[in-house]
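Novice: Build me a structure from this.
(2 chains)
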Amino acid sequence: MATEAHAAEGATGYIIHHLTSLHFGEGFWTLHLDTLFFSALLGGVFIWFFKTAAEKATSGVPGLVQSFAEMLIEFVDTQVKDSFHGHSKLIAPLALTIFCWVFLWNFMDLFPVDILPLIGSMMGIEYLRVVPSTDLNATFAMSISVFFLIIFYSIKIKGAWGFAKELMFQPFGPWLLPFNLLLKLVEEIAKPISLALRLFGNLYAGELIFILIALLPWYIQPVLSFPWAIFHILIITLQAFIFMVLTIVYLSMAHEDH
Amino acid sequence: MSINATLIGQMITFALLVWFTMKYIWPPLFDSLEERRKKIAEGLAAAERGQEEMQLAEKKAKGVLKEAKQQSSEIISVAQKRANEMVEEAKELAKKEGERIIVAAKAQVDQEIQQAKENLRQEVAMLALSAAEQILGAEIDQAKHQDIITKVSNQLAG
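Specialist: Predicted coordinates:
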């Protein structure tokens, strides 16, 4: 409802203001303080919730917190068991972390677009972007981490030579080695890029639409923002789910020996 | 909007979160789930076992009951037989006893009749003697005529 206040700067100014991070530093060594702060805060929420559940974990009758945590654990475990057939101590906790963390990132999108920046500006913070998944750095950080894990497990399971052979000789055999290599490299590199851009694109677009709705007269806003928010509940869960499932699938592919 | 050092910060946060989840969150929660699953399975198995045992016990109880019934009916029939025998025996005994009593009574009666006869005879002899005395008008000395009296009484007895 801060439309009036921003009207002076014009709609473009309002949008740009909303999409500018609170930054610190120059060039590559710029830090997006808001992204770092909110993702760490949400990570803390995630850890706090699950730690509470884990501390009180009992095999007897579970409490409310434990039931909810167990529901998520079972959900993630089912997904992992469906597509990953090896044995790994890392994949399931990794998938749980990704699902919950990305979901919480995305959930920030459901806060009214002006409320947190308004509070921020009251505290003297000029720019505030509250949704970490609308920052490419956040989504790429996660997908590149996953990419490193893919490379790590590919080499660990197949050996350096086995992995190299897979890159060079598949899918068309040794006679088309350069073509194979090119194809495989594109395939591997496409994984983190598609993971990061899919999440970023969905949430960035969603946030942008919320900002555009916020520019409309106040009496039209609820008519548009309400259905979009409901639709967005689906989107944020779905995007978290897709990120998690694809991570599991990519890692299980890394574990498979051809 | 551009890629910058935030990326590195985020990767560190992510690594820390994954490490923490792997170390302190997933194992206890997953273990408690597994343990509960095991407990439930054990409980179900125990329930099934209990039911089976109950069925077995019921069967056994039925067998025991049947045997007991059979045994009791046997005992009853034996007892009945024995009772019948006892009654028979008692009857026999009573019959014998009765006969014996009758015989004894008869003997006693006979003896009494004999006694009475003897008494009567003696009396008759006395009467006869006194009659004869009166007839003869002389007193018959009992001592003197003892042999006559005896003779008469013997005749009477005959």
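Novice: Any regions of the stretch 101-250 of chain A where pLDDT drops low?
Specialist: The stretch 101-250 of chain A contains no residues with pLDDT under 70.
Novice: can I assume A:Leu215 is in contact with A:Tyr14?
Specialist: Yes - between A:Leu215 and A:Tyr14 there is a contact at 6.4 Å, judged by C-beta atoms under 8 Å. Any C-beta I mention is one placed from the backbone N, CA and C, and that applies to glycine too.
Novice: Those two - which one has more neighbours?
Specialist: Between A:Leu215 and A:Tyr14, A:Tyr14 has the larger neighbour count (other C-beta atoms under 10 Å in any protein chain shown), namely 22 against 14.
Novice: For the stretch of helix or strand the more buried one belongs to, name the packing helices and strands.
Specialist: Using DSSP states H and E, the element containing A:Tyr14 is helix A:10-18. With contacts defined as 3 or more C-beta pairs under 8 Å, 6 or more residues apart in numbering or on different chains; DSSP states H and E, helix A:10-18 has these neighbours: helix A:3-7, helix A:177-215.
Novice: does the longest one come close to chain B?
Specialist: No - no part of helix A:177-215 sits near chain B under the criterion C-beta under 8 Å from any C-beta of the partner chain; the closest distance found is 9.6 Å.
Novice: Please point out which parts of the next helix or strand after that helix sit buried.
Specialist: As assigned by DSSP H and E, the chain's next helix or strand after helix A:177-215 is helix A:221-255. Neighbour counts over helix A:221-255 (16 or more other C-beta atoms under 10 Å in any protein chain shown) mark A:221, A:225, A:229, A:232, A:235-236, A:239-248, A:250-255 as buried.
Novice: How many residues are close by residue 109?
Specialist: Because you didn't say which chain, this covers chain A. 22.
Novice: nope, chain B
Specialist: So B:Val109, with other C-beta under 10 Å, has 10 neighbours.
Novice: Please report the distance of it from A:Phe200.
Specialist: To A:Phe200, B:Val109 is 143 Å away according to C-beta to C-beta, to the nearest Å.
Novice: any idea whether A:Gly124 is helix, strand or coil?
Specialist: coil (DSSP: H, G, I helix; E, B strand; the rest coil).
Novice: phi, psi of it?
Specialist: Dihedral pair for A:Gly124: phi 90, psi 10, per degrees, to the nearest 10.
Novice: which element is the residue nearest to A:Glu74 when sequence neighbours are not counted on?
Specialist: Nearest residue to A:Glu74 in three dimensions, chain neighbours excluded: B:Leu33, at 6.8 Å (C-beta to C-beta, 6 or more residues apart in numbering or on different chains). Element membership for B:Leu33 (DSSP H and E) is helix B:26-136.
Novice: ok, back up a step: among the helices and strands packed on helix A:10-18, which comes closest to A:Leu118?
Specialist: helix A:3-7 (9.0 Å; C-beta to C-beta).
Novice: pretty sure B:Leu7 contacts A:Ile144?
Specialist: Yes - the pair B:Leu7 and A:Ile144 qualifies as a contact (C-beta under 8 Å) at a distance of 7.4 Å.
Novice: More neighbours: these two, which one.
Specialist: Ranked by neighbour count (other C-beta under 10 Å), B:Leu7 and A:Ile144 place B:Leu7 first, with 22 against 19.
Novice: For chain A, see how far away the more buried one is.
Specialist: As defined by C-beta to the nearest C-beta, to the nearest Å, B:Leu7 lies at a distance of 5 Å from chain A.
Novice: Just list what the stretch of helix or strand that residue belongs to packs against, helices and strands only.
Specialist: Per DSSP H and E: B:Leu7 is located in helix B:6-20. The helices and strands touching helix B:6-20, judged by 3+ C-beta pairs under 8 Å, 6+ apart, are strand A:31-32, helix A:33-55, helix A:91-107, helix A:136-169.
Novice: just to revisit the earlier point, burial count for the residue nearest to A:Glu74?
Specialist: Neighbours of B:Leu33 (other C-beta under 10 Å): 19.
Novice: any idea how far A:His87 is from the residue sitting nearest the centre point of chain A?
Specialist: Nearest residue to the geometric centre of chain A (C-alpha atoms, centre = their mean): A:Val102, 4.0 Å. Distance, A:Val102 to A:His87, using C-beta to C-beta: 25 Å.
Novice: Please name the residues that touch A:Thr247.
Specialist: A:94-95, A:98, A:146, A:195 (C-beta atoms under 8 Å, 6 or more residues apart in numbering or on different chains).
Novice: same thing but 10 Å
Specialist: Residues counted as contacts of A:Thr247 (C-beta atoms under 10 Å, 6 or more residues apart in numbering or on different chains) are A:79-80, A:91, A:94-95, A:97-99, A:142-143, A:145-146, A:149-150, A:191, A:195.
Novice: distance of it from B:Thr150?
Specialist: According to C-beta to C-beta, A:Thr247 stands 155 Å off from B:Thr150.
Novice: give me the number of residues near residue 29?
Specialist: Answering for chain A, as no chain was given. 11.
Novice: You answered for a different chain; I wanted chain B.
Specialist: For B:Leu29, using other C-beta under 10 Å, the count is 23.
Novice: how about the residues of chain B near chain A?
Specialist: Contacts of chain B with chain A, taken as C-beta under 10 Å from any C-beta of the partner chain, map to B:1-40.
Novice: List only buried entries from these.
Specialist: B:4-7, B:9-11, B:13-14, B:17-18, B:20-22, B:24-26, B:28-30, B:32-33, B:36.
Novice: thinking again about what came up before, please identify the deepest-packed of the helices and strands packed on helix A:10-18.
Specialist: Of all these, helix A:177-215 has the most neighbours on average by mean count of other C-beta atoms under 10 Å in any protein chain shown, namely a mean of 17.
Novice: Sweet, I'm off.
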